[in-house]
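Q: Build the 3D model from these lines:
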Amino acid sequence: MRYRLSVILALLVLVPAVGCAPPPRAGDERAGPAQSGSPPVARTLNLGVRYELGDLASKVRSGITADATKRLFNAALAIIDGSGTARPYLAEALPQVNSESWRVFPDGRMETTYRLRPNLTWHDGQPISAEDFVFALRVYTAGLGRFEPTPQDRFEEVSAPDERTVFIRWRTLYPEAGALRSTHFEPLPRHILQRDFEEDSGDSFINHAYWSREFVGAGPYRLERWEPGSHLDAVAFDGHALGRPKIDRIIVRFFGDENTALTNLLSENVHIAMDNSLRFEHASVLKREWGPGNKGVVLLDPVQPRFTNVQLRPEYANPRAVMDLRVRRALSHAVDKQAINDALFDGEIPLADQFLPRTVAYFAELDRAITRYPYDFRQTDQLMSEAGFRKGGDGAYASASGERFSFEHWVIAGSQNEKQGAVMAEGWRRAGFEVKEHAIPTAQATDGQVRATFPALSSVATGGGEANLNFLTTSQIPSPANRWTGNNRGGWVSLEYDRLWDVFNTTLDRTERNRQAIEMMRLATEDVAMLFLFHSANVTAHLNALRGPELGTPDTLTNWNLHEWELR
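A: Below you'll find the predicted structure:
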């Protein structure tokens with residue numbers, strides 16, 4: 001059913017703000033022009049996010065969307081701007097293919113050369129050199145199981161001919177080699193980590209305070225203080241490669257409850273809310289409340305794929321029948337996507353039958369290639385019958401021995417997630433399934449083991465873009481060996497999909513890469529690697545006092561240009 005926004009607002013304003021004593025009201029932080037001869041007025045931005053992270057390094061797999069927070073503290077050789085174009089960041093310029101800076105050889109090997117900007121420093125003032133990239137490769141490839149494996153798994157060597165030159169020799173072709181950004185390849189401070197890396201055990205090194213409360217990076221802000229359960233304090237970094245940020249301080253506040261984030265934004269206790277801290281219905285409330293006075297801006301980016309993982313590992317699957325392709329297809333046919341859309345988004349967001357957003361250039365061809373599972377109980381019934389399940393007198397599916405087909409469906413706690421779970425469960429029950437609904441507490445949302453060991457179905461969301469294709473590779477299956485950090489939480493395995501992903505990442509021709517992406521999605525939908533639902537709108541909202549946030553391509557962070565933001 002559709003929400004009555006007036007009722008929602010009335011309820012939401014009753015929700016108290018939670019956490020430690022809040023920073024000053026956002027409105028109180030605005031400063032007028034400084035008087036002649038007086039010192040400039042310091043400006044503080046209050047930023048609300050949903051999750052408190054366990055780490056701040058971009059290369060560390062966090063398992064949740066936390067780009068807004070990590071962007072503050074990290075910098076790499078390149079950055080993607082609002083148009084989706086790669087720009088130099090720590091590098092003076094980016095390698096250009098078939099030039100001295102990016103050489104491609106007949107046997108498929110490559111060499112790229114990055115020249116660092118002069119006088120780069122870490123947040124603690126120590127110089128950044130090419131040797132910090134050499135050291136980073138040692139850490140990322142040490143078998144610690146915590147870092148995104150690509151692209152260092154394609155490196156043959158990283159060397160430092162001099163303190164400002166990063167030379168990379170590649171074993172294979174890699175289309176992103178000329179624009180290595182934070183999640184690709186980021187330097188690490190040798191002066192802080194090298195001794196511990198060489199002397200400590202893997203567990204001790206991974207638990208080093210550097211990764212969290214003592215983090216030192218090269219991004220636009222440096223970490224000053226971390227109050228667990230409450231907020232992070234970040235101050236502008238004078239040595240930032242793209243210039244000192246215009247806003248002096250940012251306080252990142254954690255709002256595990258989205259309603260609390262909304263009330264803080266409406267009351268102007270925060271300037272901006274990002275990273276899943278708001279839902280679609282909150283956007284509607286803000287548009288109505290802010291509209292008459294032009295108090296703020298709401299940005300909706302419908303590229304965030306929402307999908308349901310199916311547990312395909314026998315050691316965790318319960319019931320085991322969810323591993324049966326016929327059952328997975330039957331469950332897919334019993335999902336009423338339009339009902340979800342109506343209940344959560346007033347029918348205004350695009351439904352989806354695969355990962356990639358409609359903005360990809362090859363969407364029409366992709367849309368023709370995939371397998372769809374329309375809402376149809378007749379097909380559900382036929383497939384369940386083929387799998388050995390019949391409906392009893394109560395209309396519920398049961399095996400030949402009379403055991404009812406019962407399963408759990410997990411979501412992360414939150415009213416939108418739980419409402420989505422309820423709509424899906426209702427559809428499954430009408431079809432004849434017995435469903436138990438379970439909400440993972442927000443505090444466990446960053447626990448990789450909890451999220452990977454669900455018994456049957458688990459609905460999640462992620463960021464947009466072609467990087468999501470990696471989520472279904474075997475290397476992304478969470479396990480104790482990789483510290484439960486992968487995104488393929490259902491454990492789907494397809495050697496052909498893995499091969500295509502490798503080819504996709506070793507092909508420079510864009511047309512060929514499009515074909516490979518299409519074939520990957522054809523395989524995933526045909527085998528029901530997961531149940532694809534819709535592309536939800538990633539909501540960012542900010543007061544008009546803040547200038548700078550902008551929507552871009554699926555590969556662009558809304559706060560990519562954070563150093564240029566201004567607070568009036």
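Q: Would you mind splitting this structure into its domains for me?
A: Following automatic domain parsing, the chain resolves into domains at 5-32+39-55+219-295+544-567, 78-194, 303-537.
Q: same question for the last one, mean pLDDT?
A: Right, domain 303-537. Averaging pLDDT along domain 303-537 gives 93.
Q: Columns mean neighbour count and distance to Phe205 on top of the domains of the chain, output as TSV?
A: Where you see a C-beta, it was placed from the backbone N, CA and C, and this is true even at glycine. Shown next, in TSV, are the domains of the chain (neighbours: other CB atoms under 10 Å; distance: least, CB to CB, whole Å):
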stretch	mean neighbour count	distance to Phe205
domain 5-32+39-55+219-295+544-567	19	13
domain 78-194	18	7
domain 303-537	19	12
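Q: Take these and write them to JSON lines, including distance to Ser201.
A: Shown next, in JSON lines, are the domains of the chain (distance: least, CB to CB, whole Å):
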{"stretch": "domain 5-32+39-55+219-295+544-567", "distance to Ser201": "18"}
{"stretch": "domain 78-194", "distance to Ser201": "10"}
{"stretch": "domain 303-537", "distance to Ser201": "14"}
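Q: For Arg61, find the nearest of the ones you listed.
A: Of all these, it is domain 303-537 that lies closest to Arg61, at 3.7 Å by CB to CB.
Q: Quick one: the strands in the stretch 101-250 of the chain, in order.
A: Here the stretch 101-250 of the chain has its strands, by DSSP state E, counting those that start in this stretch, at 102-104, 110-115, 155-162, 165-170, 221-227, 231-236, 249-254.
Q: got the angle between the fourth one and strand 110-115?
A: By that I understand strand 165-170. Strand 165-170 and strand 110-115 are oriented at 170 degrees to each other (axes from the mean of the first three to the mean of the last three CA atoms, to 10 degrees).
Q: rounded to a whole number, what's the mean pLDDT of strand 165-170?
A: Rounded mean pLDDT across strand 165-170 is 98.
Q: Return the helix or strand hosting Asn309 as CSV; C-alpha atoms alone will do.
A: Assigned by DSSP states H and E, Asn309 belongs to strand 296-310. What follows is strand 296-310, C-alpha atoms only, in CSV (Å, rounded to 0.1, in the frame of the first residue of the first chain):
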residue,chain,number,x,y,z
GLY,A,296,17.5,21.9,0.9
VAL,A,297,18.3,19.6,-2.0
VAL,A,298,17.3,15.9,-2.5
LEU,A,299,19.4,13.8,-4.9
LEU,A,300,17.9,10.5,-6.0
ASP,A,301,20.2,8.1,-7.9
PRO,A,302,18.2,4.9,-8.9
VAL,A,303,21.3,2.7,-9.6
GLN,A,304,21.6,0.8,-6.3
PRO,A,305,20.7,-2.8,-7.2
ARG,A,306,18.6,-4.7,-4.6
PHE,A,307,18.8,-8.5,-4.8
THR,A,308,18.2,-11.6,-2.7
ASN,A,309,21.1,-14.0,-2.1
VAL,A,310,20.3,-17.7,-2.1
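Q: Which neighbouring elements make contact with it?
A: The helices and strands touching strand 296-310, judged by 3 or more CB pairs under 8 Å, 6 or more residues apart in numbering; DSSP states H and E, are helix 280-290, strand 457-461, strand 530-543.
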